[in-house]
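> Sequence below, structure please.
(one chain, ligands or ions: 2)
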Amino acid sequence: MNRVLSLLILLTCFFTVFAVKIAGIVTDGENHPIVAQVRFLNPENGILLTDYTNWFGRFQQELPAGKYTIEVCKGPEYEIKRISIELSHDTEEIHINLKRLYNLESMGWFSGDAHLHTIYSDGKQDVETVAKACVACGLSWAILTDHNTIKGGIEWTAASKYGLLPILGEEVTTPLGHFNALGISEIVNWKVNEKQDIGRIFADISKQSAIAQINHPFDMKDYFVDWDIKGYDVIEIWNGGSAPNLNGMGNYEAKMYWFKILNTGTQIHATANSDCHDVYSNYSMLAFLPVDKVLSAIEKEFSEPTMKNYVMENESAMRNWVKYGLYPGTPRTYVKATKLTPFAVLKALARGNSFMTNGPLLLIEIDGKGPGEMVSALNKESLNLDIKVFSNTPLEKITVIQGGEIVQEIDVNGQRECILSKEINPDNGSWIVVEAYGPYPVYAISNPIYLSNSYQTTR
Ligand SMILES: [Zn+2]
Ligand SMILES: [Zn+2]
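Ligands and ions are numbered 1, 2, ... in the order given. A predicted model of the protein is given here:
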């Protein structure tokens, strides 16, 4: 976990006065009960409480009296419903109908999270609770990655009965870095004495036909920087424990480093995962804390002033990010696969047939080829890049990155659906990545479409 997140957890407070009962049911467009996420927000008394419906779509909470916004959602393919309600006495049951806006599974896109923790390491909830939260957040597949253990494996596999594709993994946690072994059946030895042992870890993962991910590479001091070590498959450029795409944060550095790797001609693909340790995201309510309380806690926790200055300079962005929550699938990776199997998911992750998002659905194509695929640019003066973005919140802009540089920036202020075709000059760079931005922290980024055949993989 990164330092900002640990700090926020440190600040979490608990309520002692519960007074009013609120209950409800969430159904889909056809009035069938669905498993969904329900959040109760009251900035006045500083409450941001997360709950999940049961298997019958029902929820029940007790809250201090006051004015609340109830926010119901089920991942990026569903609408987000917000209801204002005044709680003064026990209410009758409220009925929330949540429409599915898009069905990406029907187009072969499956969303998942390759980094989740349970009580078998330092997570707050048991395996079943985490699996249920994955379903409520609209994930199709999920990989359990507790630190240096696969004890949750049998329970995790049983989660398939909830309509989730469970895959087993391990966060191989060493003083030299954290590496996810994705799709394993046996524990990977995490003991390292020297840097070369990291190569041994990658080899052990590979022996199990699993894939190796470098986790949150820039989120800790003295962390994984030995990029000469080969044998990993994917790099986690977006970890939910740290604010996305904010200059100065680990995720931003990871993205820029990934661009450098791509510019060396190496096809390494990126992932986005929540690294969720608490499916109730209890620290989210800190978004409503006064800044002096946040800062004094930072002072106690960290002797150097860097973090304090950073939080002050980026206060609004940090609050929005914390309020957004850190749930399974925030962020997530969508993979393109012909069917939903562990093999197909892992293959698509390794090949980069994917995009990463905490909201916008980002589909890109050149000549019928998508992310992770190669397009022949031979003797072509221009190529057409087709971009489709669908979002349950308004979008702000779309950027096209070629060879690490922004080549187009398209203002889409307020739109939720954008269908664009943009001309690309192949001479400007041999790979294309597209980003979609909403109001911070809403963000999505694709894996690259390649425009030449001069790439090598690390294996
Ligand atoms: Zn880690
Ligand atoms: Zn982790």
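
> For the longest helix along the chain, which residues meet the burial criterion?
Longest helix in the chain, counting residues (DSSP state H): helix 250-263. Judged by neighbour count (16 or more other Cβ atoms under 10 Å), helix 250-263 contains these buried residues: 250, 251, 252, 253, 254, 255, 257, 258, 259, 262. (Each C-beta comes from the backbone N, C-alpha and C, glycine too.)

> got a markdown table for those residues, with pLDDT and distance to residue 23 too?
Formatted as a markdown table, these follow (pLDDT from 0 to 100; distance: Cβ to Cβ, whole Å):
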| residue | pLDDT | distance to residue 23 |
| --- | --- | --- |
| 250 | 88 | 41 |
| 251 | 93 | 38 |
| 252 | 94 | 42 |
| 253 | 92 | 45 |
| 254 | 93 | 43 |
| 255 | 96 | 43 |
| 257 | 93 | 48 |
| 258 | 95 | 46 |
| 259 | 97 | 49 |
| 262 | 96 | 51 |
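
> Mind telling me which residue of this structure is nearest ligand 1?
Going by Cβ to the ion, ligand 1 is nearest to residue 178 of the chain, at 3.5 Å.

> Could you measure from the nearest residue to that residue once chain neighbours are set aside over to residue 292?
Ranked by Cβ to Cβ, 6 or more residues apart in numbering and with sequence neighbours excluded, the top spatial neighbour of residue 178 is residue 215, at 4.2 Å. Here the criterion is Cβ to Cβ, to the nearest Å. By it, residue 215 lies 34 Å from residue 292.

> re the thing from before, from what I see, the residue nearest to residue 178 and residue 177 are in contact.
Yes - in this structure residue 215 lies within contact range of residue 177 using Cβ atoms under 8 Å: 7.5 Å.

> More neighbours: the two, which one.
Neighbour tally, residue 215 and residue 177, criterion other Cβ atoms under 10 Å: the higher count belongs to residue 215, 26 against 22.

> residue ranges with poor pLDDT in the stretch 251-400 of the chain?
294-306 (pLDDT under 70).

> Alongside ligand 2, which residues does it contribute?
residue 275 (Cβ under 5 Å from the ion).

> Point me to the residue sitting closest to the centre of this structure.
In the chain, the centroid-proximal residue (Cα atoms, centre = their mean) is residue 331; its distance is 1.4 Å.

> Would you list the phi and psi of whichever residue of the stretch 151-300 of the chain sits closest to ligand 2?
Nearest residue of the stretch 151-300 of the chain to ligand 2 (Cβ to the ion) works out as residue 275 at 4.3 Å. In terms of degrees, to the nearest 10, the main-chain angles of residue 275 are phi 60, psi 40.

> show me what contacts it?
Shown in contact with residue 275 (Cβ atoms under 8 Å, 6 or more residues apart in numbering): 1, 115, 116, 117, 215, 216, 239, 240, 241, 326.

> Just the buried ones from those?
By neighbour count, with 16+ other Cβ under 10 Å, those hold 1, 115, 116, 117, 215, 216, 239, 240, 241, 326 as buried.

> now, which of those lie within helices?
Checked against DSSP H, the buried ones among the contacts of residue 275 include nothing in helices.

> Quick check, the residue in the stretch 351-459 of the chain closest to ligand 2?
Nearest residue of the stretch 351-459 of the chain to ligand 2 (Cβ to the ion) works out as residue 356 at 16.6 Å.

> for the stretch 301-450 of the chain, same thing?
Counting by Cβ to the ion, the stretch 301-450 of the chain gets nearest ligand 2 through residue 326, at 11.5 Å.

> domain parsing for the protein?
3-101+282-324, 104-281+325-354, 359-459 (automatic domain parsing).

> Just say which of the ones you listed is most tucked in.
Mean neighbour count (mean count of other Cβ atoms under 10 Å) peaks for domain 104-281+325-354 among the domains of the chain, with a mean of 21.

> coming back round to it: cross-check the contacts of residue 275 against ligand 1 and keep the overlap.
Okay, of the contacts of residue 275 touching ligand 1 (Cβ under 5 Å from the ion), that's residue 215.

> where along the stretch 51-200 of the chain do the strands fall?
For the stretch 51-200 of the chain, the strands defined by DSSP state E, counting those that start in this stretch occupy 58-63, 66-73, 81-87, 94-97, 109-116, 141-144, 165-174, 177-182.

> that older thread, I'd like to know how far the residue of the stretch 151-300 of the chain closest to ligand 2 sits from residue 229.
For residue 275, the distance to residue 229 equals 22 Å [Cβ to Cβ].

> can you check residue 110 too?
Counting by Cβ to Cβ, the gap from residue 110 to residue 229 is 30 Å.

> you'd agree the residue of the stretch 351-459 of the chain closest to ligand 2 is in a strand?
Yes - assessed by DSSP: H, G, I helix; E, B strand; the rest coil, residue 356 belongs to a strand.
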